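1. Sequence first, then the predicted structure, then my questions.
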Amino acid sequence: MTLVRIILASLFAVLVLAGPLSADEATLRPIIAKFATSKNFKDTEAIVRELGATGDPAVEKVLVALSEGNLSFRKSDQAVFIITESGQTVALFNPITGDAAGEAQKSEITKVKVNNGLRRVIRDVLGSLTLGADDPAVRLAAAETMFKNPDPAAIPALDAAIASETVASVKTALGQARASAVLVSDLPEAEKLAAINIIAARGDRDALSLLTAFEAKAEGPLKDVAAAAIAGVNSTLAAWEVAQNVWFGISLGSVLLLAAIGLAITFGVMGVINMAHGEMVMLGAYTTFVVQNLIRAYAPGLFDWSLAIALPAAFLVASAVGLIIERGIIRFLYGRPLETLLATWGVSLILQQAVRTIFGPTNREVGNPSWMSGAFQIGEMSITWNRFWIVIFALSVFAVLLYVMKRTHWGLEMRAVTANRRMAASMGIRTPWVDAFTFALGSGIAGIAGVALSQIDNVSPNLGQGYIIDSFMVVVFGGVGNLWGTLVGALSLGVLNKFLEPYAGAVLGKILVLVLIILFIQKRPRGLFALKGRAVEA
Amino acid sequence: MRGTLSSMSKLAAATSIAASIAFAAPAMAQEDTIKVGVLHSLSGTMAISETTLKDTMLFLIEEQNKKGGVLGKKLEAVVVDPASDWPLFAEKARELISVNKASAVFGCWTSVSRKSVLPVFEELNSLLFYPVQYEGEESQRNVFYTGAAPNQQAIPAVDYLMNEEGVERWVLAGTDYVYPQTTNKILQAYLESKGVAKEDIMINYTPFGHSDWQTIVTDIKNFGSAGKKTAVVSTINGDANVPFYKELGNQGIKAEDIPVVAFSVGEEELAGLDTAPLVGHLTAWNYFQSVDTEANAEFIAKWQEYTKNPKRVTNDPMEAHVIGFNMWVQAVEKAGTTDPDAVIDSIIGVSVPNLSGGYSTMMPNHHITKPVLIGEIQADGQMETVWQTSGLVVGDEWSDYLPDSKSLIADWRAPLSCGNFNVATGKCGGQGVN
């Protein structure tokens, strides 16, 4: 049988490659060739398992390609290739060696279909194949995979791997993988007890998952031990959960802070109820989109810097629009809050429809630079990079703004106008220009908030609407006219929201927060940090 | 005026200019055309989804006119903008029927907008073709539901997860309004009838436009670590999907571990998203742009040519409009008139080709037959079909899994002519809208 296979394989190879073959290729090639004739996922799965059964690490390339959807075959001769797409043409590569094998039109090849079930099978197969890899990171990944998908048949292989392992962290992971396999094997109780302890010591969600599954089936003393281990893991996890909620709260708070801080200036300092504030955020997000598109077209290498480049651009765009709104509309309406509210609301509708007309009503894709994607772990807490950077960013924006307000001449003028407009005017401050630039500054800050929010939310014409109510809530709660109040207000609302959410649900949580704020305002109408001064009483 | 305009009137002028951009003004009425009303929001929150459907209708009408129109007359589209404002939907519908004399109206997206126009269509006896998947529990004489009922989308998707992926634990996550709530009620009853324990079902609702998914995604992760295969059934609507999927991707929830099957996420929604981290998550629809048939390839080519955008995607509600429009054209030609009563009688049983290679038929309950496709999201934002029903599924307007509606049926043929006939009591008018 194998002889026939080899002959067939060589025949095939002569047809396809007309070149010399290594021993690996001779056995693997005919199996890989079967992908072209696979009728359904079951067929494909059988081929994957067959490849895995060869025990040959050379199958890694083809399996990874299959799992990523990059394995195709040419319609004309059914030859299987790994592909990379670029427009209408695709580059073909040899599925075993990875050597370039020419190009083809998209229409000339057919993709080997893959689904979740197959991806799982591939992951398992690769897990056991890569246990002996040279790179410790690959071995660690293999051990993790085997931990999550225990298979008693793998115990001997794991024992061998543990014996020859030199890196301590990989050795621990291998030990855990062995323990998880022991739990589902028919080894004696003593072994299983030891295994439970090893897994319980790991103490994370995956460990809990394995232990729960084991506990459901176990009997006698083992069940009790497992139950105790589950309780232990649960209590550590509960402590981490509190930390996690605090982090989520801070992260939500920082988003609120970003959205509200510009408003804290225009509403808090100038007293303008600016309903178009959310649209400034939206303009910032769209600026990011435009900047990213330009970068993609002209300087793809700079993509990871796109957000840094978008920041000043968004600030300029939003503050310019803000300046136009202030000079064109709002300055005629000072002292008439209701009319300001209606006019700015009208402006917000015009801006939304303008963006909809220019960019279309559908969402626009703003990419995440690589440093904004994924998550990292602190203990049992996973922190996503984008949220992490947004927290840092929000705090830096706050610090810069605080500096501008407290330490610059312009900030001094701004505060003077807030405290007593007529007195400031008498002292020679040109209050109309202070108003205009304050409004532009507030709008510009909203614009850079848009850059950050484009990373976590939709970039659509409606982006701003989702934040306007929350922003007003933060500013009113924190105390009108006080930047520190906005910071504390945003963070405490964020944390409160996130502690309520697990118990009350997202919908009720939001309502509860609103009710609490209303009650709070009854007690302290001026918010957390009330501004003192003559202007306030006036 | 003394040379200056007050700022308020400036504002008003600006607003009306902006509005006139959005409203495509109806052309002057001509006697020898048949008017087709298009009732889709072109501004406000729903514009994101509905604008495409307006374009689809204009495209279909243009194509039909190239073929010579209907009954020897040209078709004329009358487009109005109900601006995502539910009461305005009813007003605009009335305007289309009474003022513009539209013979049929194609429109609505959300269930609440449909409910708002129902009485108008009933009162003025006109026709509405509704192209979006919805929660069912309704059948009205003047409405034709060309989108999926729950049994044409939700239940096959759950079956797929149960049988192919071996899922035992379920998270039903949705936006807090009527479609997700009713669908989840049906799904919960269905899952329990299949022996899923109560503690293995987690139901979660979020407000419209929810953007902070950290807690919920973590909850899903925790719920999934109970040693049983877990899946998420998502009826999360519209804009909230992008941050939801971003959070899933960033927190590293892989489709191999906890797959998410979504009923409201199509090619259009994914266009605003980097889908590389989402490969393998599932959607259930009756049509995908990637469906490999000649009819579909031709439709996509013509559509992209019409919109002058070679990247313009197609989606399921668009296909529903294609089917609904062609059914209406056939029914009108069969009846020889656009009179609503005649069309309501002649359209039942009309079969037109759908884009996935089969024929869809209008059933007596005013729902249509469709294939159900389950697709996995690909890195290019398209879906790849991984499973489909072997035949067509008939839309079931009154769910068999809800105690209130299981004995109800709808049949608009004479002599029954009833949208909620109770087979247990033998009377028309059990429960529901009529």
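-> In hand now; what should we look at?
2. which of the residues in stretch A:481-494 are buried?
-> By neighbour count on 16 or more other CB atoms under 10 Å in any protein chain shown, the buried set for stretch A:481-494 is A:481-483, A:485-494. Glycine gets a C-beta too; all of them are placed from N, C-alpha and C.
3. residue contacts, the most centrally placed residue in chain B?
-> Of all residues in chain B, the one closest to the mean position by CA atoms, centre = their mean is B:Val132, 1.1 Å from it. By CB atoms under 8 Å, 6 or more residues apart in numbering or on different chains, the contact list for B:Val132 reads B:Cys108, B:Trp109, B:Thr110, B:Gly147, B:Pro317, B:Ala320.
4. And for B:Glu95, nearest residue in space, chain neighbours not counted?
-> B:Val80 (6.4 Å; CB to CB, 6 or more residues apart in numbering or on different chains).
5. and residue 225, what element?
-> Went with chain A since none was named. helix A:220-263 (DSSP states H and E).
6. Quickly check: whichever helix or strand comes after that helix near chain B or not.
-> Later in the chain than helix A:220-263, the nearest helix or strand by DSSP H and E is helix A:277-298. No - when contact is scored as CB under 8 Å from any CB of the partner chain, no part of helix A:277-298 falls within range of chain B; the minimum is 9.9 Å.
7. between the helix or strand just after helix A:277-298 and helix A:277-298, how many degrees?
-> Counting by DSSP H and E, the next helix or strand C-terminal to helix A:277-298 is helix A:306-328. Angular relation of helix A:306-328 and helix A:277-298 on a 0 to 180 degree scale: 140 degrees, by axes from the mean of the first three to the mean of the last three CA atoms, to 10 degrees.
8. what's in contact with helix A:306-328?
-> Outside helix A:306-328, the residues that touch it by CB under 8 Å, 6+ apart are A:276, A:280, A:283-285, A:287-288, A:291-292, A:295, A:302, A:344, A:347, A:351, A:367, A:369, A:372, A:435-437, A:439-448, A:450-451, A:455, B:7.
9. Filter those residues down to the buried ones and hand me the PyMOL line.
-> Restricted to buried positions by 16+ other CB under 10 Å, the PyMOL selection for the contacts of helix A:306-328 reads:
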select buried, (chain A and resi 276+280+283+284+285+287+288+291+292+295+344+347+351+367+369+372+435+436+437+439+440+441+442+443+444+445+446+447+448+450+451+455) or (chain B and resi 7)
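10. Now do stretch A:444-462, average pLDDT.
-> The average pLDDT within stretch A:444-462 is 91.
11. shaky segments in the chain?
-> Using chain A here. Per-residue confidence of chain A (counting by pLDDT under 70) places the weak regions at A:1-24, A:531-538.
12. actually it's chain B I care about, not the one you picked
-> In chain B (pLDDT under 70), the answer is B:1-31, B:272, B:430-434.
13. From A:Ala238, how far out is the residue of chain A at minimum distance from chain B?
-> Across chain A, the shortest distance to chain B (CB to the nearest CB) belongs to A:Asn363, at 2.4 Å. Going from A:Asn363 to A:Ala238 by CB to CB, to the nearest Å gives 38 Å.
14. what's the nearest residue to A:Ser128 if we skip its chain neighbours?
-> Closest to A:Ser128 by CB to CB, 6+ apart is A:Ala154, at 5.8 Å.
15. Run a quick neighbour tally on the one you found.
-> 21 (other CB atoms under 10 Å in any protein chain shown).
16. surely it meets A:Val182?
-> No - the pair A:Ala154 and A:Val182 does not pass the contact test of CB atoms under 8 Å, sitting 10.6 Å apart.
17. Next, the contact list for residue 376, please.
-> As the question left the chain open, I've gone with chain A. Applying CB under 8 Å, 6+ apart, the residues near A:Phe376 are A:Ser382, A:Ile383, A:Trp385, A:Phe388.
18. Oops, wrong one, chain B.
-> Contacts here follow CB under 8 Å, 6+ apart; on that basis B:Glu376 touches A:Asn115, A:Asn116, B:Ala255, B:Val279, B:Gly280, B:His281, B:Leu282, B:Met383, B:Glu384, B:Val386.
19. outside of stretch A:196-210, which residues touch it?
-> A:147-148, A:150, A:175-176, A:179-180, A:183, A:211, A:214, A:222, A:225-226, A:229-230, A:232-234, A:236-237, A:380, B:221-222, B:224-227.
20. before we move on, the earlier item: who has more neighbours out of A:Asn363 and A:Ala238?
-> Applying other CB under 10 Å to A:Asn363 and A:Ala238 shows that A:Asn363 carries more neighbours, namely 26 against 9.
21. Would you check that the more buried one makes contact with B:Val265?
-> No - A:Asn363 is not in contact with B:Val265 according to CB under 8 Å; the separation is 11.6 Å.
22. if we can go back for a sec, which ones among the contacts of B:Val132 lie within helices?
-> If you go by DSSP state H, those have B:Pro317, B:Ala320 in helices.
23. Output the contacts of B:Val132 in a markdown table, with neighbour count appended to each entry.
-> As requested, the contacts of B:Val132 are exported to a markdown table (neighbours: other CB atoms under 10 Å in any protein chain shown):
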| residue | neighbour count |
| --- | --- |
| B:Cys108 | 30 |
| B:Trp109 | 25 |
| B:Thr110 | 23 |
| B:Gly147 | 26 |
| B:Pro317 | 26 |
| B:Ala320 | 29 |
